[in-house]
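J.: Task: produce atomic coordinates for the following.
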Amino acid sequence: AILAISILVLAMGDAGAAIVGENLNRPHNFYLTSDKKSFEGSVTMFVITFICIAGSIWYFKLENIPTSIIGIGMATALFVTSWEALSSKGFDNLTVPLTAAFMLHYFLIPLPHHDPDQMLLGLFLCGMIAAVSFSLKFLTASGSIATFLLASIIFGIGGWQWTIPILVFFIASSVLSKFGKSKKQKFELMFEKNETRDEGQVAANGGVAGIIVLLWYIFPEQEKLFFIYIAAIAAATADTWGTEIGTLINQHPRSILTFRSVEPGTSGAVSIAGLIGGMIGASLVTFSVSILDAEKLSVSILIKIVIAGVIGSLVDSFLGAALQAQYKNEEGKITEKNFFEGKPTLLTRGIRWINNDVVNWACSLAGAVAMYALL
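T.: Alright, predicted model coming up:
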């Protein structure tokens, strides 16, 4: 029944959104990614998805309480519509049925770690956090939607225990990025993206953690996944804090490959201040976990998480120096951007498709792998 309903949502909701969006004379269009969407199309997607889900649950007699049917329909429709709005290049044909199936499985299959009230609370709280973060310019529009989806998955599945560490990372790193803006202006050319995170940055920093949560959803008996999850977040935090503090403090960094002095902000540059900042960031995330569940985490586990986080940040620096794409603008200045002020830049080293987001994915993954090896 869940598979049938999920395919029905794709067939009816996605098609309905496309028909409405393409046939209105003046639709209110928006771009979250490369694909053009419309507000009217998204509303249509939400309404049709709700009707398909609520009607199917009633028809298949999967739930007998009317309020529960409406709640499941509304929650799943919101989740699926958000994924459809964020998906591009045809990936909505994959994300729509998968996310619909995930939510229906969570709400309709009675398992000990399935808590419908927790998921509903998560959708509400994560929506509020995403909206506030967008208003404070911590996130772009696409970044706020991505954060809503990622945080809803983590909170809905893992509750506060799994949510607090990534929430600490996000809030602390976002606040830290706002310090010393005048000092950081000179690095705007070098860095591919600014401190306002988009969907790519949200996925790069939290995607590995989200995948690990989903693995725990499938294999809840694997308790070690929680430690690996924290290490992935610690790695992202160590990398972010190392970069932020390293650029704030006026030190002469060195390339992690050649140990030669390089300009601050250069990909693969490391400094004592940056390394200490990374250790502090990883320790902060680890400390937040120890407060929530001190009995579950021994001192040796906490130390291993910090070590794994620092290892992840060093892998990030190594890949940044060895493989990340670097360009030159017309003035001959080095940048991570393939376009600057509307003009294409010239690739000077690295691999074109390995950008900062790819390196950040590798950073979180390296932290998780290092923790797996240390356990």
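J.: in the chain, what spans have low per-residue confidence?
T.: Along the chain, the model assigns pLDDT under 70 to residues 180-195, 250, 265, 293-296, 341-342.
J.: Which helix or strand contains the closest residue in space to residue 220 that isn't next to it in sequence?
T.: Distances taken as CB to CB, 6 or more residues apart in numbering put residue 113 closest to residue 220, at 5.1 Å, once the chain neighbours are dropped. C-beta coordinates here come from the backbone N, C-alpha and C atoms, glycine included. Following DSSP states H and E, there is no helix or strand that holds residue 113.
J.: and the gap between residue 113 and residue 58?
T.: Distance, residue 113 to residue 58, using CB to CB, to the nearest Å: 26 Å.
J.: give me every residue that touches the residue nearest to residue 220.
T.: Neighbour list for residue 113: 157, 217, 220 [criterion: CB atoms under 8 Å, 6 or more residues apart in numbering].
J.: What separation do you get for the first one and residue 80?
T.: The one in question is residue 157. Taking CB to CB, one finds residue 157 at 17 Å from residue 80.
J.: and what of residue 1?
T.: From residue 1 to residue 80 the distance is 17 Å (CB to CB).
J.: Which one's more surrounded, those two?
T.: More crowded of residue 1 and residue 80, by other CB atoms under 10 Å: residue 80, with 32 against 13.
J.: Please flag which of the contacts of residue 113 sit within strands.
T.: Using DSSP state E, no member of the contacts of residue 113 sits in strands.
J.: Give me the neighbour count for residue 62.
T.: Residue 62 has 18 nearby residues by other CB under 10 Å.
J.: The stretch 1-150 of the chain: strands as residue ranges?
T.: With DSSP state E, counting those that start in this stretch as the criterion, the stretch 1-150 of the chain has strands at 29-31, 36-38.
J.: Can you tell me which of those is nearest to residue 132?
T.: Residue 132 lies closest to strand 29-31 among the strands of the stretch 1-150 of the chain, at 20.0 Å (CB to CB).
J.: circling back to that earlier point, any idea which of the strands of the stretch 1-150 of the chain is most buried?
T.: Of all these, strand 36-38 carries the top mean neighbour count, a mean of 19, counting by mean count of other CB atoms under 10 Å.
J.: What lies in contact with that strand?
T.: So strand 36-38 is contacted by 20-21, 24, 27-31, 85 (CB under 8 Å, 6+ apart).
J.: how about those, which pair is most distant?
T.: 20 and 31, at 17.6 Å, using CB to CB across the contacts of strand 36-38.
J.: Helices of the chain, residue ranges please.
T.: Using DSSP state H, the helices of the chain run over 2-9, 15-23, 39-59, 66-86, 92-108, 116-135, 141-177, 181-184, 199-218, 224-248, 272-292, 299-322, 356-374.
J.: most surrounded residue in the contacts of residue 113?
T.: In the contacts of residue 113, the most neighbours by other CB under 10 Å go to residue 157, 23 neighbours.
J.: residues touching that one, list them.
T.: 106, 113, 213-214, 216-217.
J.: let's go with 7 Å and repeat that
T.: Contacts for residue 157 were tallied using CB atoms under 7 Å, 6 or more residues apart in numbering; they are 213, 217.
J.: circling back to that earlier point, just the closest of the contacts of residue 113 to residue 285, please.
T.: residue 157 (18.7 Å).
J.: where's the closest one relative to residue 289, distance?
T.: From residue 157 across to residue 289, the span is 16 Å (CB to CB).
J.: And stretch 221-240, how far out from the chain middle?
T.: 14 Å (CA atoms, centre = their mean, to the nearest Å).
J.: let me fix that: stretch 329-344
T.: The answer for stretch 329-344 is 27 Å, by CA atoms, centre = their mean.
J.: Around residue 228, how many other residues sit close by?
T.: Using other CB under 10 Å, the number of residues around residue 228 comes to 24.
J.: do the same with residue 261
T.: For residue 261, the count of nearby residues is 11 (other CB under 10 Å).
J.: could you dump stretch 330-347 to CSV, C-alpha only?
T.: Output of stretch 330-347 as CSV, limited to C-alpha atoms (Å, rounded to 0.1, in the frame of the first residue of the first chain):
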residue,chain,number,x,y,z
GLU,A,330,41.2,38.7,-15.3
GLU,A,331,43.5,40.5,-12.8
GLY,A,332,45.4,37.2,-12.2
LYS,A,333,44.0,36.7,-8.6
ILE,A,334,43.4,33.2,-7.3
THR,A,335,39.7,32.3,-6.6
GLU,A,336,37.5,29.2,-6.1
LYS,A,337,34.8,30.8,-8.3
ASN,A,338,34.4,29.7,-11.9
PHE,A,339,32.6,33.0,-12.5
PHE,A,340,33.5,36.4,-11.1
GLU,A,341,31.5,39.5,-11.7
GLY,A,342,29.7,37.8,-14.5
LYS,A,343,32.8,36.8,-16.3
PRO,A,344,34.3,33.2,-16.6
THR,A,345,37.6,32.6,-14.7
LEU,A,346,40.5,30.5,-15.9
LEU,A,347,41.1,27.0,-14.4
